[in-house]
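A.B. asks: Quick one, fold the following:
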Amino acid sequence: MRVYISGPITNTRPGEARQKFADAETFLRGRGYDTINPEECLRNLTLKHDEYLTICYPMLNLCDAILLLRGWRSSVGACIELGMAMALGKRIYEIDERGTFRRFTI
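C.D. replies: Next up is the predicted model:
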């Protein structure tokens, strides 16, 4: 199963998003999942927020599931990605505020 990692990137402290996404990738790969880490894939691009999202949609579409990182509710992009994942019938997981990996429920 391939999992797309989603969470806040814009307006985070330098290096914070990179570390959160890398930790999630390590966690998922350690459990046998393939991953797509948009923070890593898009790190060296300079684009507008909506342009980043335009690139993220096809990456999410290639995945079977999405993992929402802590703080995702404050991220416009992550909320949009969640909506897309729901519309596409993807499995949805989150790392909640306590740091617990779990299936996402509304």
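
A.B. asks: Which residue is most remote from the mean position of this protein?
C.D. replies: Centroid-distance maximum for the chain: T46 at 18.9 Å, with Cα atoms, centre = their mean.

A.B. asks: what about the closest residue to R70 other than its chain neighbours, how many neighbours?
C.D. replies: The shortest distance from R70 to any residue other than its chain neighbours is 5.4 Å, reached at I95 (Cβ to Cβ, 6 or more residues apart in numbering). C-beta coordinates here come from the backbone N, C-alpha and C atoms, glycine included. Other residues near I95 number 21, with proximity taken as other Cβ atoms under 10 Å.

A.B. asks: what's the spacing between T46 and Y52?
C.D. replies: The gap separating T46 from Y52 is 10 Å, by Cβ to Cβ, to the nearest Å.

A.B. asks: got it, and F27?
C.D. replies: With Cβ to Cβ as the criterion, F27 and Y52 are 23 Å apart.

A.B. asks: Can you show me the strands along the protein?
C.D. replies: Across the chain, reading from the start of the chain, the strands by DSSP state E fall at 2-6, 34-36, 65-68, 91-95, 101-103.

A.B. asks: Just send those back as JSON lines, with mean pLDDT and distance to M59 too.
C.D. replies: Output for the strands of the chain, formatted as JSON lines (pLDDT from 0 to 100; distance: least, Cβ to Cβ, whole Å):
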{"stretch": "strand 2-6", "mean pLDDT": "97", "distance to M59": "6"}
{"stretch": "strand 34-36", "mean pLDDT": "97", "distance to M59": "5"}
{"stretch": "strand 65-68", "mean pLDDT": "97", "distance to M59": "10"}
{"stretch": "strand 91-95", "mean pLDDT": "95", "distance to M59": "16"}
{"stretch": "strand 101-103", "mean pLDDT": "90", "distance to M59": "21"}
